[in-house]
Structure formats: C-alpha cells, structure tokens
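S.K.: Give me a 3D structure for the following:
(one chain, ligands or ions: 1)
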Amino acid sequence: MRVARHPLSFLAFLLLLNLAGAGRNLHDRKDVHETRPDPLAKLLRDLKDSFTPAAAPPGSEQELDQLRKRVKRMFYHAYDNYIMHAFPHDELLPLSCSFIDNFGSYALTLVDSLDMLAVLGNRTEFARAVGLLKKHLSFDKDVQVSVFETNIRVLGGLLSSHLLARDPKLKLMDDYDGFLLKKALELGERLLPAFDTPTGIPYGTINLRSGVAVGETTITSSACAGTLMLEFGMLSRLSGRGEFERVAKRSLLALWSRRSSMGLIGAHLDIMTGQWTHKDSGVGTSIDSFYEYLIKSYILYGEDEFLFLFQQAYHSAKALLAKSPWYVDVNMESAQLVWPIYNSLQSFWPAIEVIAGNLKDASETHSAFYGVWRRYGYTPEGYNLADGRVQQGQRSYPLRPELIESTMYLYQATRDPHYVQVGRDILSSLEQTRVPCGHAAIEDVETHLLQDKMDSFFLSETLKYLYLLFTPRHWALNGSFVFSTEGHPLPLQQLPGDRFTSSAGFSSLPKFPNPFYDHHHQQQQHHHHHQHGRDDEQSQDGESSCQTISMKEEELHAVQNESSDVTDGLYDCTLPRPTLCLDRNASM
Ligand code: DMJ
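M.R.: Residues are numbered from 1 along each chain as shown. Predicted structure coming up:
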C-alpha cells in the first residue's frame, strides 16, 4: 500500500491507531473474541501494519527498522502458509491454498528458504525446519529434475544452511550433526551421471533415482552449463571429494572454449556435439548466471583464472551487448542485434557491475530498469525497447529478485538513500501481491492480475535481498560471504571441522597475459575514491579506439531474424557490425 506523505496522513495514522485500539477493546471482551473473529479489527490491523509513518526520515534507522518489519511480516506470511498448505511438497499455490510438486518433490521451498531463517536470526524455526527435513527430505525418487534448478535451489540451499549451522558465531543449533551436508553429498552424487557426456557439459535433466533417461534431450542452456562452480566446488571442499569441482570446471571451460571469435557465448548448445543451437547472446535469459559465477568463483576460491575469464566475458559484454544503459541480445558471431528487449533476468547485471567496480554504469542501468518497474509497479518478463511496451507473451512478474538484488548491492556500495526509497517502492508493490494463503505472482503487469504461483526464490532470494537492503550492517554483508545465484550465502573461509580438498581443474590451463587485470584493480581503486565522480569510463579504460555502440531509436526498427523467437517481423537485425574491443590474442 502506498501512503502519501501528507500532513493529514499523520492524523489518519492516529485515527487508525485509535480505531485499532477500539478493535482491541472489542477483542478483549471474551464473548466476542470467542465466538467469531472480528473482520474490522483484522482490517485495521493489516492497514496499520502496512502503514509507514511519515515521521521516520528516509534512510534513517527508524525507517529501516519499519521496513525490515514489513519484510519479515511478508516472509512469515508466505513461509507459514507454505508450511501449512504445501510442505513437504515443492511449492505453495497461494490462490488455491494448495501445493505443487513441480521440481523434484523434495520440499523445495523449505530447503531453499532455510538460510533465510538464519538471516532473520530465527534460531528456533531454523532448528525446527532442520528437524522437519530430517523427517521428510528424500532424494530417492523416480523423478526427473532440472540439474540447474536442483543445483542452485536445493544443493545451494543445503550447503549454505549447513555452513551457517556450523558457524559458531551464529549459534543456530547446539546439536547440529552435519545432516544438511550429508543430504547435499547424496544429492551431488545423484546429479553426477548427468556430466557423463562427450563435452563434459551436463544434461539439463536427470532422474534422481535412475540417472539420465533414454532419449533425454541433448540441448541445454549456457546458464545450466556455467552455473555450477559455487555449489559443486563447495561440495568438493566440504566433502573432500574432488570430482564435483572437477566436473563443474570442465563444464564451464567446455562452454568457454566454444565462445565466438567475438568473445560471446550463445544461449543453447548440444551437449553431445558442442554445437550451438541458439546463437543469441545476452546478459539475461539462458546466460545470466554464467557471468555471475565467473566473478563469484574468483571471490570464493581466489583463483585468478576465474577473474581472467570474467574480465574477458565482461569486456565482450560491455563492448557488444551494452546499449547503455540497456542491454540487448545479439548474434554471438556477428554481434548483430536480434532482440532489443530488456528481459527481467537482466536486472541482476547492475549487481555484477558493482562487484566489478563499475558503479557509474551500475547505477545508470539500474535507473533504466527501475524506470520500467515504476511504470508498471513490477517488471514484466520482457519489455520491448523498440516500442517501449511490454513484450507480448512476457507480461508476467513471477516475484523475481533481480532488481532488488541490484538495489541492495548499490546501496551497500553507495549508501545513497535513493536505493532505500527504491526498496520501499518495491516493497509496497510486493505487499499488494498478498493473498490469504501467501503471495501470488503477477500474471500481467498491466492488469495486475494474480497467478496461482509462488516460486521458492520469493522466500530465498527476493525477500532476503529486500531484508538485507534494509539491514545494511547485517553479518551476511560483512564481506565474508558470497551469495549464490539463488541468494544462498557461502562463507569465504572454511569453518573449523570441515574437510578441505585442494582445488582441481585449472592446473592444466596455460597462463595468459592479462592486461585487463591491472586495469581492473586501478578501476576499483578509482571507484573507491570517486564513487560518483567518473566522467568517462571509456577514455579511462584506454579503450577509446573501440567503436561505441549507441542504440539509436531508428536502429531499433527491425525485421525478422532467423535465430529470434519473434515471428511477427518486427525486428531489424541489420545494424552495422561493431568494432571488437577484445584482445583476440588471449584465446584459450
Ligand atoms: C533464480 O532462481 C536464480 O536467480 C536464477 O539464477 C535465475 N533467476 C531466478 C529468479 O528469478
């Protein structure tokens, strides 16, 4: 609910308090209380709960405290309803107050949101939830699962919660016995057969009990192939079993070695032949977390090779995919435009730019993306940059976290109260998705029609980043954790008692000259001193000889491109081929 900052609003607030008090008096009368709930009192309580008194100055501790409370209320409403109507099934159906096993029938939402209980400091419920999983969590099931989703949501959730449960400073459970790691190891073992392919890139789907099914599709996305290192590497390091880290690295490098001469990777490829089947390249759908895991693997494991890969991938993305402040999809070989679309998965990108030290671009892109949110109250899955409209067939907002994630990173980096204001606005929109049995996705951002769906990432990621945005000095933000692509915090340091194995995989790679490395560090230093004062990134980069690719309105008219999913002939893919700013000599 949005409440205008009007002098009358404070009076209205007092009136509400009085009315709520009257409601309480009514409740105090035993006869009324016992016979039926008072709907007026409930209405008033809800109104009061979602009311932000104008007295709290923006960005103040007082305001942050109020905002945190609203996020917590949202989390527990969704979580309690999941437990009540859906556990031990995968997800809650918030409109029908029912459940669905749409992933692996492995209590997905509880596993995914376990570490959020730790982030909220709810030790009692964390311990109770671990107990529930002990009773109900089984992976011995004849069920087809997505390797990618199972990895990021379940394996990542188990590993993160295990590490937090073992952290003596958090004092989550006195009697924690390593159960979550045991389950993580069992799950990792069940996923391993997917990697037995000629390229080393895993099948997208596997049966948890019987392995890869005969006739399984051999097409997978780049995100699936390149989003394994954090979870699989951590599993190796915790279990002492190096094979997990090895297969994850092999898959990543197999993907990387198939990049085009322009340094871009496509959206889908065949795991048997290694041939690209969908050559659109972008930073959003089907590719997004490939970029994220390169830089985060470097942070988590400290191996320079990850940084080197990230620098090259980032460099190509900036040169060929950015139409500042937007990002578009281009053909990976020609760099010609195929999709002038902002897809909402791209919204994680400003967070990556913050991590990479590029605050200026991060804030500009964030502003553009937030502009779309402001327009509709949510971000649609696809927003067409050519006609400035919601893309047909991509009208929904499934409670995704990415824009909030970027807002949190930007607030951490700048402490600019604007980002708290953005968070408050997003929170107000999310409050409107509340239904009696949880929070429902938005089916159409223009009509705000609700959908009977509440993805597990709403609890594990969306609300975590929102809560952390309003808790800027939280322990999870003290620099000792990396967040997985599903928002699971993984500590940089091993905890006492965990087994450790040396890292595997990069030793076979030659070392490359890395001209961008020094630049990266200089850039970080520079940002450290002038967070908002950068004039021209390009000239400071020494990249001024590269052609700047600016997106002019007229360039965005389009004709149909073969590799595009669009069938109505809207797009023109005849943009001039840009000059490449990538060091081609540094190929692998
Ligand atoms: C999450 O499951 C992860 O962030 C994933 O990388 C892609 N996006 C969804 C939420 O939008």
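S.K.: Show me what from the protein comes close to the ligand.
M.R.: Residues of the chain lying near the ligand by Cβ under 6 Å from any ligand atom: Ile152, Ser289, Leu345, Arg400, Pro401, Glu402, Phe457, Glu461, Thr485, Glu486. Just so you know, the C-beta spots here come from the backbone N, C-alpha and C atoms, and that holds for glycine as well.
S.K.: cutoff 8 Å now
M.R.: 149, 152-153, 223, 227, 288-289, 292, 344-345, 348, 398, 400-402, 405, 455, 457, 461-462, 485-487 (Cβ under 8 Å from any ligand atom).
S.K.: mind listing what the residue in the stretch 401-550 of the chain that the ligand sits nearest to touches?
M.R.: Nearest residue of the stretch 401-550 of the chain to the ligand: Thr485, at 3.7 Å (Cβ to the nearest ligand atom). Contacts for Thr485 (Cβ atoms under 8 Å, 6 or more residues apart in numbering) come out as Ile152, Gly156, Thr227, Leu230, Asp288, Ser289, Glu292, Tyr293, Phe348.
S.K.: from those residues, which is closest to Phe195?
M.R.: For these, the residue nearest Phe195 by Cβ to Cβ is Thr227; the value is 13.8 Å.
S.K.: Which secondary structure state is assigned to the nearest residue to the closest one once chain neighbours are set aside?
M.R.: Closest residue to Thr227 apart from its sequence neighbours, by Cβ to Cβ, 6 or more residues apart in numbering: Ser289 at 4.1 Å. Taken by DSSP: H, G, I helix; E, B strand; the rest coil, the conformation at Ser289 corresponds to helix.
S.K.: and the helix or strand hosting Ala248, average pLDDT?
M.R.: Assigned by DSSP states H and E, Ala248 belongs to helix 243-256. On average, the pLDDT along helix 243-256 is 97.
S.K.: just the CA coordinates of it, formatted as CSV?
M.R.: The C-alpha trace of helix 243-256 is given here as CSV (Å, rounded to 0.1, in the frame of the first residue of the first chain):
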residue,chain,number,x,y,z
GLU,A,243,35.0,-34.9,-8.6
PHE,A,244,32.3,-32.4,-8.1
GLU,A,245,34.5,-29.4,-8.5
ARG,A,246,36.3,-31.1,-11.5
VAL,A,247,33.0,-31.7,-13.4
ALA,A,248,31.8,-28.2,-12.8
LYS,A,249,35.1,-26.7,-14.0
ARG,A,250,35.1,-29.0,-17.0
SER,A,251,31.6,-27.9,-18.0
LEU,A,252,32.5,-24.2,-17.6
LEU,A,253,35.6,-24.5,-19.7
ALA,A,254,33.8,-26.5,-22.3
LEU,A,255,31.3,-23.7,-22.6
TRP,A,256,34.0,-21.0,-22.6
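S.K.: phi, psi of His439?
M.R.: The phi and psi values for His439, taken as degrees, to the nearest 10, are phi -120, psi 130.
S.K.: need the contact list for it.
M.R.: His439 neighbours (Cβ under 8 Å, 6+ apart): Met74, His77, Ala78, Pro94, Leu399, Leu430, Thr433, Met454, Phe458.
S.K.: That one and Lys141, how far apart?
M.R.: 28 Å (Cβ to Cβ, to the nearest Å).
S.K.: do Ala441 as well
M.R.: 26 Å.
S.K.: What residues of the host helix or strand of Arg128 count as buried?
M.R.: Using DSSP H and E, the element containing Arg128 is helix 123-136. Going by neighbour count (16 or more other Cβ atoms under 10 Å), the buried part of helix 123-136 is Glu125, Phe126, Ala127, Ala129, Val130, Leu132, Leu133.
S.K.: Kindly report the same for stretch 326-343.
M.R.: Buried residues in stretch 326-343 (16+ other Cβ under 10 Å): 326-332, 334-343.
S.K.: returning to what we had before: ok, the contacts of Thr485 vs the ligand, which is closest?
M.R.: So of the contacts of Thr485, ranked by how close each gets to the ligand (Cβ to the nearest ligand atom), first place is Ser289, at 4.3 Å.
S.K.: Report the contact partners of the closest one.
M.R.: Ile152, Ala223, Gly226, Thr227, Phe348, Thr485.
S.K.: And the furthest pair within the residues you listed?
M.R.: Gly226 and Phe348 (14.1 Å).
S.K.: What lies in contact with stretch 441-450?
M.R.: 95, 376-380, 390, 395-399, 432-433, 435, 440, 451, 453-455.
S.K.: What is the longest helix of this structure by residue count?
M.R.: If you go by DSSP state H, the chain has its longest helix at helix 61-85.
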